[in-house]
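Student: Below is the sequence, then the predicted model.
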Amino acid sequence: MSRVEAAIQKAHDEGRGAFVGYLPVGFPDLDTSIRAAITLAENGADVIELGPPYSDPVMDGAIIQEATQKALAGGFRMRDLFTAVKAITAATDVPVVVMTYWNPVIQYGVDRYADDLLAAGGAGLVTPDITPEAAGEWIAASERTGLDRIFLAAPTSTDERLDLVVSSSTGFVYTVSTMGITGERAELDRAARTLVERLRSRGASRACVGIGISTAEQVAGVTGYADGAIVGTALVRALRDGGLDGLAETTRSLVAGTPSARFHLAD
C-alpha cells in the first residue's frame, strides 16, 4: 500500500472520506506556498496536491490561473518544486503528490523528474493531460521508484478507457466531476456519481472526485459515494484573500464535510 493509499485508508478507518487539498507552488511566493501546504496538513488535509505553475494551463480556472501566473512572474523555476516538496515533507507526514502538465516533465526528463521527486519525499504525480497509453516512460519510472501515478477519468470516458485508467493508476483514480476547467460551481455534475459507480464496476478500489467542489456540503455529498474529495480553487481563493489564517479556516470548514456513515458501515 502506497503512502497515498494508506492516507486514504486511514481517513476511512476514522469514519470519513479523504480530503485532498490543492495549491500552486510559488504562490504568492515560494516560502508562503510551502507554509500554505503545511497549513493544509495541520488543518486536516489527508493528501496535499501541489501544482507547479505552467505557461499554458488549459485545465485551470481563472483563480488558479491568476495564482500560477503570479508565481511565474515571481521567478518560479522547476527546481523550486523539489525545494518545496522537500520542505513540506520534512514538516509533515501527509503525502505530497504533484499535479503537473506533461510538457514540463518531458522537458526536465521523465526519469530525472521521478528521481528528484522521490528524493524530495514526494509520493506521486497526477497527470491531467497524458493518457496511460502515451505514458509508457512514466509508468516505467513510477514502477522503478514506487511513486504513485494518478490518471484522470471523465464522464465521457468509454468503458475501455476506464479499464485502462483503472489498470494503470495507483494511489487513486482522479475522477473528474464535470467536463471543463477547474473552478467552483453551485452544483456538482450528477455525472460524478455515475462515473464513480462505473469505475467501481471496472475494479477501481479508490476514486476521489475533483473539479468544482467548494463547500463542506459538496464535500459531504462527494464522500457519500467516493473515497475522497479534491478541492483547489476554494483553497487558492482563501489563501489569496485571507492569507494563511484564511486558508486554515477554509480548510477546517471543508474538512468538516468529510465524515460519512458509509465508512462507519464499512467497519
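Tutor: In hand now; what should we look at? Numbers count the residues shown, from 1 in each chain.

Student: how distant is the longest strand seen in the chain from the center of its chain?
Tutor: Among the elements of the chain assigned as strand by DSSP state E, the one spanning the most residues is strand 18-24. Relative to the mean C-alpha coordinate of its chain, strand 18-24 is positioned 5 Å out (CA atoms, centre = their mean, to the nearest Å).

Student: cool, stretch 132-144 as well?
Tutor: Computed by CA atoms, centre = their mean, the separation of stretch 132-144 from the middle of its chain amounts to 19 Å.

Student: so for that stretch, what's the average pLDDT?
Tutor: Across stretch 132-144, pLDDT averages out at 97.

Student: For that stretch, buried residues please.
Tutor: Buried positions in stretch 132-144, judged by neighbour count with 16 or more other CB atoms under 10 Å: 132, 135, 138-139, 141-142. Every residue, glycine included, has its C-beta placed from N, CA and C.

Student: what do you get for stretch 193-205?
Tutor: 193, 195-196, 198-199, 202, 204.

Student: hmm, back to that, can you show me the CA trace of the helix or strand just after the longest strand of the chain as CSV?
Tutor: For strand 18-24, the succeeding helix or strand toward the C-terminus, using DSSP states H and E, is helix 30-42. Listed in CSV are the C-alpha atoms of helix 30-42, where the atom choice follows Å, rounded to 0.1, in the frame of the first residue of the first chain:
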residue,chain,number,x,y,z
LEU,A,30,7.8,30.2,-2.6
ASP,A,31,8.2,30.4,1.1
THR,A,32,4.5,31.2,1.7
SER,A,33,3.4,28.4,-0.6
ILE,A,34,5.5,26.0,1.5
ARG,A,35,3.9,27.3,4.7
ALA,A,36,0.5,27.1,3.0
ALA,A,37,0.9,23.4,2.2
ILE,A,38,1.9,22.7,5.7
THR,A,39,-1.2,24.7,6.9
LEU,A,40,-3.3,22.3,4.8
ALA,A,41,-1.8,19.3,6.7
GLU,A,42,-2.2,21.0,10.1
